[in-house]
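Visitor: Test case, fold it:
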Amino acid sequence: RPAEAAAAYARGLEKQEDGMLLLRLYLARRDADPQAPPLDLLTAWLDARPDDIVVKRTLAGEYARLDRIDDAVRLNEELLSLSPNDPVVLNNLAWLYHKTGNPAAVDYAERAYALAPDQPDAIDTLGWILVQRGEVSRGLTLLRDAQARAADDPDINYHLAVALSKLGRTAEARARLRVVLNSDDGSAVAEAAKALLRQLSEG
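Guide: Below is the predicted model:
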């Protein structure tokens, strides 16, 4: 009952200013109306409390989810200035820079990986960027490692399939694509997996 939960959180915020309570209110209202997430709740909070890292992280993630890439980059850069060695922020910026064609993407991905070499997201980001840059062999090694740590992750399996297909390992690529389609049929990555599977079948 997200509407009822939102009302309760709103009453709580009237009594006490609390960032975590604000985030619960935001999520409840977003769940009540997914087509119109109340970003103004988060932006207003940050206008008054610009150093609230938890709320800023949430807003940056929401901007990325909504494909507001410039806003996501801006907030993640602010977060990095507050915490220069945060591997999650570095990884997020690497991914966002990659999406916008910023050549700094690989440097940020390398930094994130150096700080968090056991984290599948960091390994996947660096591996995928390297594959896209034509460094397929090293990218494949990293993506295999990421997939071993997060076996059912559809994005990682898709990235691994692309790397395998670039190296002519078609059977292995198809196997990874089937994992994607078995776990995530209907999303953007699933559609990309279907397209690549058709391409490999026709080839």
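Visitor: Now do the same contact list for the residue nearest the centre of the chain.
Guide: Central residue of the chain (CA atoms, centre = their mean): N92, 6.7 Å from the mean position. Taking CB atoms under 8 Å, 6 or more residues apart in numbering, we find N92 in contact with A60, G61, A64, A72, N76. Every C-beta, even on glycine, is put in place using the N, C-alpha and C of the backbone.
Visitor: Just put those in a markdown table and tack on pLDDT.
Guide: Converted to a markdown table, these look like this (pLDDT from 0 to 100):
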| residue | pLDDT |
| --- | --- |
| A60 | 97 |
| G61 | 95 |
| A64 | 96 |
| A72 | 98 |
| N76 | 97 |
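Visitor: Quick check: which ranges of this protein have low pLDDT?
Guide: For the chain, the stretches flagged by pLDDT under 70 are 184-185, 203.
Visitor: thinking again about what came up before, check which residues of the strand or helix carrying the residue nearest to the centre of the chain are buried.
Guide: If you go by DSSP states H and E, N92 is part of helix 87-100. For helix 87-100, a neighbour-count test (16 or more other CB atoms under 10 Å) marks P87, V88, V89, L90, N91, N92, L93, A94, W95, L96, Y97, H98 as buried.
Visitor: who touches the host helix or strand of A8?
Guide: Element membership for A8 (DSSP H and E) is helix 2-15. Residues outside helix 2-15 that contact it (CB under 8 Å, 6+ apart) are D18, L21, L22, R24, L25, A28, R29, D31, A32.
Visitor: In that helix, which residues are buried?
Guide: Applying 16+ other CB under 10 Å to helix 2-15 flags A5, A6, Y9, L13 as buried.
Visitor: Next secondary structure element downstream of that helix?
Guide: Counting by DSSP H and E, the next helix or strand C-terminal to helix 2-15 is helix 19-32.
Visitor: Figure out how far that following helix is from the centre of its chain.
Guide: 20 Å (CA atoms, centre = their mean, to the nearest Å).
Visitor: Kindly report the same for stretch 14-21.
Guide: 28 Å.
Visitor: swap in stretch 56-67?
Guide: 9 Å.
Visitor: Just the CA atoms of that stretch, as CSV, please.
Guide: Output of stretch 56-67 as CSV, limited to C-alpha atoms (Å, rounded to 0.1, in the frame of the first residue of the first chain):
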residue,chain,number,x,y,z
LYS,A,56,22.5,12.6,-3.5
ARG,A,57,23.4,9.1,-4.4
THR,A,58,19.8,8.2,-4.6
LEU,A,59,19.0,11.1,-6.9
ALA,A,60,22.0,10.4,-9.1
GLY,A,61,20.8,6.8,-9.5
GLU,A,62,17.3,8.0,-10.3
TYR,A,63,18.6,10.4,-12.9
ALA,A,64,20.6,7.5,-14.5
ARG,A,65,17.6,5.3,-14.4
LEU,A,66,15.5,7.9,-16.1
ASP,A,67,18.2,8.5,-18.7
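Visitor: which outside residues touch whatever helix or strand comes next after the helix holding N92?
Guide: Going down the chain from helix 87-100, the next helix or strand is helix 105-115, by DSSP H and E. Contacts with helix 105-115, where a contact means CB under 8 Å, 6+ apart, come from 85, 87-88, 90-91, 93-95, 97-98, 122-123, 125-126, 129-130, 133, 142.
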